[in-house]
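Asker: Here's my sequence, what's the structure:
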Amino acid sequence: MGLKIFNKLTKPKQDGKHTNKQIGDYGEKLAVKFLKKQHYKILETNYKIRYGEVDIIAMDGNFIVFVEVKYRTNTVYGLPSEAVEEHKRNKIKMVASQYILMHPELDDLIRFDVVQIVNDKIELIKSAF
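Answerer: Modelled structure (predicted):
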């Protein structure tokens, strides 16, 4: 389930030749690289179950962190983090609950972070919801 991180990330252009998935994957790779520099230990990427998906699951000290990544090339439609609406937050919480049930050895604190990226400017919002 891991996501390969390459030494050099190639930014996909929004030129109609790249899919939203490719652009999203690029943002997630940037986020993983950034979180590692912040000393997060990455446990899972693109973790999917029937209820939904979490972009990144990581450890930050004693916290199990469920991270949603939002990437935009501009803020015409608002900040990327504003796109993590209540419905999406609830799905992430459901996935987190199932993940904790399936990993009882992880009895640490839980936190939900958002990594928002605008044109490669990365911002980490801890305890976003």
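Asker: And the strands in this structure?
Answerer: 41-49, 52-60, 63-72, 109-118, 121-125 (DSSP state E).
Asker: Between strand 63-72 and the last one, find me the angle.
Answerer: Using axes from the mean of the first three to the mean of the last three CA atoms, to 10 degrees, the interaxial angle of strand 121-125 with respect to strand 63-72 works out to 140 degrees.
Asker: so of the strands of the chain, which one's packed in deepest?
Answerer: Comparing the strands of the chain by mean neighbour count (mean count of other CB atoms under 10 Å), strand 63-72 ranks first with a mean of 22. No exception for glycine: its C-beta is placed from N, CA and C like everyone else's.
Asker: helices or strands up against it?
Answerer: Contact partners of strand 63-72 among helices and strands, from 3 or more CB pairs under 8 Å, 6 or more residues apart in numbering; DSSP states H and E: helix 20-37, strand 52-60, helix 86-102, strand 109-118.
Asker: And the ones you listed, which one averages the lowest pLDDT?
Answerer: Lowest mean pLDDT within the helices and strands packed on strand 63-72: helix 20-37, a mean of 91.
Asker: Using PDB, write out every CA atom in it.
Answerer: Extracted C-alpha coordinates of helix 20-37, given in PDB (Å, rounded to 0.1, in the frame of the first residue of the first chain):
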ATOM      1  CA  ASN A  20      -6.700  14.700 -11.400                       C
ATOM      2  CA  LYS A  21      -5.400  11.500  -9.900                       C
ATOM      3  CA  GLN A  22      -1.900  12.200 -11.200                       C
ATOM      4  CA  ILE A  23      -2.000  15.700  -9.800                       C
ATOM      5  CA  GLY A  24      -3.400  14.400  -6.500                       C
ATOM      6  CA  ASP A  25      -0.600  11.800  -6.300                       C
ATOM      7  CA  TYR A  26       2.000  14.500  -6.900                       C
ATOM      8  CA  GLY A  27       0.500  16.500  -3.900                       C
ATOM      9  CA  GLU A  28       0.500  13.400  -1.700                       C
ATOM     10  CA  LYS A  29       4.200  12.700  -2.600                       C
ATOM     11  CA  LEU A  30       5.100  16.300  -1.600                       C
ATOM     12  CA  ALA A  31       3.100  15.900   1.600                       C
ATOM     13  CA  VAL A  32       4.900  12.600   2.500                       C
ATOM     14  CA  LYS A  33       8.300  14.200   1.900                       C
ATOM     15  CA  PHE A  34       7.300  17.200   3.900                       C
ATOM     16  CA  LEU A  35       6.000  15.200   6.800                       C
ATOM     17  CA  LYS A  36       9.100  13.000   7.000                       C
ATOM     18  CA  LYS A  37      11.100  16.200   7.300                       C
END
